[in-house]
Every structure is written in structure tokens, then in C-alpha cells.
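Colleague: Quick check, what structure comes out for this input:
(one chain, ligands or ions: 1)
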Amino acid sequence: MVHCVILPYPAQGHINPIHQFSKLLQREGVRITLVTTLSYCKNLQNAPASIALETISDGFDNGGVAEAGNWKVYMERFWQVGPKTLAELLEKLDRSGDPVDCVIYDSFFPWVLEVAKGFGIVGVVFLTQNMSVNSIYYHVQQGKLRVPLTENEISLPFLPKLHHKDMPSFFFPTDVDNSVLLDLVVGQFSNIDKADWIMCNSFYELEKEVTDWTEMIWPKFRAIGPCITSMILNKGLTDDEDDGVTQFKSEECMKWLDDKPKQSVVYVSFGSMAILNEEQIKELAYGLSDSEIYFLWVLRASEETKLPKDFEKKSEKGLVVGWCSQLKVLAHEAIGCFVTHCGWNSTLEAMSLGVPMVAMPYWSDQSTNAKQIVDVLKIGIRTTVDEKKIVRGEVLKCCIMEIMKSERGKEVKSNMERWKALAARAVSEEGSSRKNIAEFVNSLFNLQQ
Ligand code: UDP
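Modeller: Here you go, the predicted structure:
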């Protein structure tokens, strides 16, 4: 049996799509071992029973980035310790009669390819972000887009004209050390042309032109998404019951949603990493409670402390939870709108379940995704910020009402239905992504002949 090790970056938004991809490979008869860092593994609440789990070290086994104190220190140490401990793991598996044929690794870890090549095994890079965003970073790596940005309007092949507000946050100075993160995302392309395959969590119909262009540069590039659990998407896998790999306990929201009318609830979530300031959280709280709409708001424990003291976390009108099974929530018929930070997984999930979005990007690739959501795909509307970069409660309320109640909202919803159908088709038996996965799996089976 072909044995693949998968190595995502240890963050929810990276583990989820690569894990879903692995389940499809498993269904085709590939054996999977999921590898994560010791620090991330310690907090896993919900490791999938169907997939073997192993660990490597990032050099901070007790707390990852938090223990390191900042990204720079974390990455430097991880890049030293990671390759060594991955090689030790591959040796261990080899010795125990369980040799690895292929490593599928997060594009944030270009060093994995050298380790894989050292063992003479197939190296497959997995891009969790979409090709439009990757193309921006690739142009920086190629020296064709300079940082800091000199022009106001950025023109890149097969992308819409991009203004500063549409560019990834790593191009601009903030309180986070962005130069390290820019190096990380640009570094993805340092040896990508040497990878045996390049997989991307997007689908052909969604980014046709930029995908055709990418395939010309890297002939082994394939779009294989949306990587979403099959129990929600198309029931393509039997026995697909695990929600995913998560560091958070899932709260019980379904019951609360069950007695709400169809499409009457706005779901609000900013993903697994965004840290909003107190003023922003207050504005969101007042915006939501002033609107006429029911709301379900995911606010991680660290964020919840920023809520106004008089804000009710559980009422007939609204429910605040620390974490939920987002896919199950988005699939619930009571949900009519998704206020999102535009993380790429959340975007694909909303699209696959046909929920129109209010785009409120926070950092990283999210502004570029928002541009795609609002101006290219027209499946959402974007909030505006004031001079303090705060989305005011009134603005949020208007955006939600526009999606839920206006003619424009109806148009957005109907565009969303079209994209939902295209996403479903891409992963159906004859769909573009499924064909690409089949081609890859065949290449793995051919290794053993
Ligand atoms: N997610 C979840 N429950 C939540 C919030 C998020 O299951 O309460 C999942 C969501 O479905 C998505 C991932 O966490 O798969 C977040 O990834 P995304 O790229 O949207 O954002 P990130 O967390 O990387 O900023």
C-alpha cells in the first residue's frame, strides 16, 4: 500500500484542507500518516481516529509560537529543528517496516522537499491559499513586484487591478513583524519548481486564467479543491463522521439554530487566529445587538474578555460561543449571511454551502480574498473602515441588512448559488478537481509497479 506522510503548517486553517485532501486519498487506497508539531499535538481535542498521527519538533515543544515569543525566533528555530526531526521520523517509519513513499507538505515548509529528496521519495507541495494570492507572492519572489509598494494600483497577469486595500497585509508595516511573514510567504516559491506535484486548495473554474498561467510555469500544478469534508459537501465518502482536527472544543449551537426561521441568522466568525482590538469588538457587539437579525458569533476565549460588560452572551436574539463546527453551522438552513474575516477556508466553505458573505478582512491574504469575493465573484459585500481602521457597528449593521433584505442581497445570493453549483461540480466524480486527484493517485500507484 502506498504510504503518504502529510505535514501541514500547525494552524487550523492549514490543517483542515490538507486533512480533507488526505481523506480523499485514503478513500482511493493510500495510507496516510498526519504529522504535526509536538506543541500543536498536545492541544488537539479532536484527532481523527482514521488517520495515524506522528509528531516532529518545532523547537518549542511546550507552546509553539507563544513560547518562542515572536515569529522570527519561532521560524528560525523551526527551520533548524524541523528538518532534523522529520528525517528521524522517516527513518523510524522505515525501520519499523512502514516506509514512506511520498510527503505532502505545506508550502510554508520548502525545506521538506530537501528531506524528501534525501530519502528518494516523492515531494508534493500543498498550497492552502488561492492562486491569485500565490501569484502576488510569486511576483515578489521573482523580483517583478517590489516591496514597499511604489505604485498605487498594482497590475499583475490575470488578476483584477489591485489597490493597497486589496493587497496582503504583509506588504505593510503593522505591530506584527511583517518582514518575517513576508519572507515566509515569498519563500514558498524558492524550490517549488523542483516539487514532484503542486496541489492547490482552489478549483479550476474559480481561477481559470491564473490557473492556466500557473500550469504553464509549473506543469505539475493542479487545483484540487475545495477541500471540504465530504459529509457536508457531497457525502462522497462513507463513514465520514469526524469534524476535523481541532484545538478547540466544539460548542453546542445547533439546538439554538434549530428553532430559528430559515435564513434568519447571521453567522459571525473571524477564524482561528485574528485578534481584534477591544474597540472593534465593542463596535461589532453593538452593531449586532442593534440589528434586527439573530446572530451566532464565534469569539475565542481570549477575545471574549473584550466584550462590553453589559453584553448578553446568550439570549433569544444572539449566541456567543468559543468555537463551533463551522461547516455544520454554515450548512444549517437558519443561516442567511456570514460575516467573515475572509480566510480562504471560510471563503470556500461559504461558497460550497451557498451562504452570502459580509467581508471584513483582518490580515494576511484576507484583503485579496475580499477583493475576489466582492468584485470578481460578486458573492459578498465589504465593510468599510474609518480613519482608525475600525468597522463601526452602524456600517456592519447596514452591510448585514443589505445582504439579508435588499435587491443587491438577492443578486449576491443568486451569484452564490451559481458558485455553489460550480464548486460541487469540481469535486464530483467527473469534476476538474476529482480528475486531478485521480491523476495524482495513479502516479503514486505507478511507483509500486
Ligand atoms: N473554524 C471552525 N470553527 C470555528 C471557526 C473556524 O471549524 O468556530 C474552521 C473553519 O471552518 C475553517 C478554519 O477553521 O476551516 C479557519 O480557516 P480560515 O482559512 O477560514 O481562517 P484562519 O483561521 O486560517 O484565519
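
Colleague: Tell me which other helices or strands the lowest-mean-pLDDT helix or strand in the chain touches.
Modeller: Using mean pLDDT, DSSP states H and E, helix 230-233 stands out as the lowest-scoring helix or strand of the chain, at a mean of 73. When contacts are defined as 3 or more C-beta pairs under 8 Å, 6 or more residues apart in numbering; DSSP states H and E, helix 230-233 sits against helix 12-27, helix 326-331, helix 344-353. (Glycine included, C-beta is placed from N, CA and C.)

Colleague: Pick the most buried one from those.
Modeller: helix 344-353 (a mean of 25; mean count of other C-beta atoms under 10 Å).

Colleague: quick revisit: any idea which of the helices and strands packed on helix 230-233 gets closest to the ligand?
Modeller: Ranking the helices and strands packed on helix 230-233 by proximity to the ligand (C-beta to the nearest ligand atom) places helix 12-27 first, at 2.2 Å.

Colleague: gap between the closest one and the chain center?
Modeller: Relative to its parent chain, helix 12-27 has a centroid offset of 11 Å by C-alpha atoms, centre = their mean, to the nearest Å.

Colleague: tell me the angle whichever helix or strand comes after that helix makes with helix 12-27.
Modeller: As assigned by DSSP states H and E, the chain's next helix or strand after helix 12-27 is strand 31-37. Interaxial angle, strand 31-37 versus helix 12-27 (axes from the mean of the first three to the mean of the last three C-alpha atoms, to 10 degrees): 160 degrees.

Colleague: Counting by contacts, list what strand 31-37 packs against.
Modeller: strand 3-7, helix 12-27, strand 52-56, helix 71-95.

Colleague: gap between the helix or strand that it is followed by and the chain center?
Modeller: Downstream of strand 31-37, the first helix or strand assigned by DSSP H and E is helix 38-42. From the chain centre to the centre of helix 38-42 is a distance of 20 Å (C-alpha atoms, centre = their mean).

Colleague: Mind listing what's buried along helix 38-42?
Modeller: 38-41 (16 or more other C-beta atoms under 10 Å).

Colleague: now swap in stretch 429-442 and tell me
Modeller: Going by 16+ other C-beta under 10 Å, stretch 429-442 has these buried residues: 431-434, 436-437, 440-441.

Colleague: Tabulate these (JSON lines), appending secondary structure and distance to Ile198.
Modeller: Shown next, in JSON lines, are the buried residues of stretch 429-442 (DSSP: H, G, I helix; E, B strand; the rest coil; distance: C-beta to C-beta, whole Å):
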{"residue": "Gly431", "secondary structure": "coil", "distance to Ile198": "19"}
{"residue": "Ser432", "secondary structure": "helix", "distance to Ile198": "16"}
{"residue": "Ser433", "secondary structure": "helix", "distance to Ile198": "14"}
{"residue": "Arg434", "secondary structure": "helix", "distance to Ile198": "18"}
{"residue": "Asn436", "secondary structure": "helix", "distance to Ile198": "11"}
{"residue": "Ile437", "secondary structure": "helix", "distance to Ile198": "14"}
{"residue": "Phe440", "secondary structure": "helix", "distance to Ile198": "10"}
{"residue": "Val441", "secondary structure": "helix", "distance to Ile198": "16"}
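
Colleague: nearest to Pro308, of those residues?
Modeller: Proximity of the buried residues of stretch 429-442 to Pro308 (C-beta to C-beta) peaks at Ser433, which lies at 44.0 Å.

Colleague: Looking at the stretch 51-200 of the chain, what residue ends up closest to the ligand?
Modeller: Closest point on the stretch 51-200 of the chain to the ligand, by C-beta to the nearest ligand atom, is Thr128, at 7.4 Å.

Colleague: Could I get the contacting residues of that residue?
Modeller: 8-9, 13-14, 17-18, 106-107, 201, 344-345 (C-beta atoms under 8 Å, 6 or more residues apart in numbering).
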